[in-house]
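*Asks:* I would like to see how this sequence folds:
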Amino acid sequence: MHAPSRAELDLSDKESVMRVMASRDWAAVINAAAYTAVDRAECDPNSCWTVNAVWPAVLAEYAAKASVPIVHLSTDYVFSGDKDAPYLETDAIGPLGVYGASKAAGELAIQASGARAVILRTSWVVSPFGQNFLKTMLRLASEGVEIKVVADQHGTPTSAADLARVIVRVLERMLKDLSLSSGVYHVASAGETTWFGLAEEIFMNTQLKCDRPKLRAILTKDYPTLARRPKNSRLATDKIKCDFDIALPDWRVAILQVLKDTIV
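*Replies:* Model (predicted):
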């Protein structure tokens, strides 16, 4: 497995992408790269669109020509969040902002490429690394401030490590079973919560070097952002369970493991 560095692979340059693709005989392609700064995307649509829509199209074009499978990560943000139940893979997309629209365009480009592709939509990814909600909560706790957290957006936190294992299992199947067709699948931990519920769970299971912060539940309207967020990010995961026998543990289990791996 080879993961090109940013110095080696410029996602905004098609020639750079094609040069790296031509540098060796790839058995498969995994696209986990994305422009995920949801609010900044509203002011920087060109960069967001290049990484989330144009880049996947180029990758899928290569995968189709080379006859190799591709696994692509997508997001709950392709949906509007207006549905009262978990979203199915067959539900109509309706992104609310630039980020969601760019990810939806990336999905459509891959599907139109003719490549043998599996698109994995996921939600609320947390990890000991990089920037994500869990890391933000721990940083705010260290600053000793009251933390206001939205309590009317519903979804499921998903561990990046769990997601990585799913990608490997799906790709292994695709490499072994050439009859396995393309498709869109939802993958997320079991259960559901709100951002406020997630914050409570984080601090309930974290030994902080400071006093536990005070949390205040607020509504989306009380926390204006450049980009609108879907109020319902719940994803139905029955399809991936049926086709790949994959089912992730409850989101609380995932959070516990991420916290164990995070230096507080």
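
*Asks:* Same question for stretch 219-239: list its buried residues.
*Replies:* For stretch 219-239, burial by neighbour count (16 or more other C-beta atoms under 10 Å) applies to 227-237, 239. For every residue, glycine as well, the C-beta is placed using N, CA and C.

*Asks:* Now do that stretch: distance from first to last residue.
*Replies:* 32 Å (C-alpha to C-alpha, to the nearest Å).

*Asks:* avg pLDDT for it?
*Replies:* Per-residue pLDDT values across stretch 219-239 average out to 96.

*Asks:* Same check on stretch 124-143?
*Replies:* 91.

*Asks:* got a list of contacts for that stretch?
*Replies:* 76, 147, 155-161, 163, 188, 195, 198-199, 202-203, 206, 208-210, 212-213, 233, 254-255, 258-259, 261-264 (C-beta atoms under 8 Å, 6 or more residues apart in numbering).

*Asks:* can you rerun that using 7 Å?
*Replies:* Applying C-beta atoms under 7 Å, 6 or more residues apart in numbering, the contact partners of stretch 124-143 are 147, 155-160, 163, 195, 198-199, 202-203, 208, 210, 213, 233, 255, 258, 261-262, 264.

*Asks:* Of those residues, which belong to strands?
*Replies:* 147, 155, 158-159 (DSSP state E).

*Asks:* Buried subset of those, written for ChimeraX?
*Replies:* The buried residues among these can be selected in ChimeraX (16+ other C-beta under 10 Å) with this line:
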select :147,155,158,159
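
*Asks:* What segments of the stretch 1-150 of the chain are helices?
*Replies:* Listed in chain order, the helices of the stretch 1-150 of the chain (DSSP state H, counting those that start in this stretch) span 14-21, 38-41, 45-49, 55-66, 98-113, 133-142.

*Asks:* Which of these sits closest to Leu178?
*Replies:* When the helices of the stretch 1-150 of the chain are compared by C-beta to C-beta, helix 55-66 sits nearest Leu178, at 14.0 Å.

*Asks:* Quick one: mean pLDDT for that closest one?
*Replies:* The model assigns helix 55-66 a mean pLDDT of 90.

*Asks:* Mind listing residues that contact that helix?
*Replies:* Contacts of helix 55-66 (C-beta under 7 Å, 6+ apart): 11, 14, 17-18, 21, 26, 29, 31, 33, 69-70, 72, 106, 109-110, 113-115, 117.

*Asks:* Now list the buried members of those residues.
*Replies:* The buried subset of the contacts of helix 55-66 - by 16+ other C-beta under 10 Å - is 11, 17, 21, 26, 29, 31, 33, 69-70, 72, 106, 109-110, 113, 115, 117.

*Asks:* tell me the two of the residues you listed that are most distant?
*Replies:* Spanning the widest gap among the buried ones among the contacts of helix 55-66 are Leu11 and Pro69, at 20.5 Å by C-beta to C-beta.

*Asks:* Run the chain-centre distance for stretch 159-170.
*Replies:* 11 Å (C-alpha atoms, centre = their mean, to the nearest Å).

*Asks:* these two touch, right, Arg252 and Glu200?
*Replies:* No. The criterion here is C-beta atoms under 7 Å, and Arg252 misses it with Glu200 at 10.8 Å.

*Asks:* Centre of the chain to the helix-or-strand element of the chain with minimal mean pLDDT, how far?
*Replies:* Taking mean pLDDT, DSSP states H and E as the measure, the helix or strand of the chain with the lowest value is helix 14-21, at a mean of 76. Helix 14-21 sits 24 Å away from the centroid of its parent chain (C-alpha atoms, centre = their mean).

*Asks:* contact partners of it?
*Replies:* 4, 8-10, 55, 58, 62.

*Asks:* Let's have these in CSV, adding distance to Asp245.
*Replies:* As requested, the contacts of helix 14-21 are exported to CSV (distance: C-beta to C-beta, whole Å):
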residue, distance to Asp245
Pro4, 31
Glu8, 36
Leu9, 33
Asp10, 38
Trp55, 31
Val58, 32
Tyr62, 30
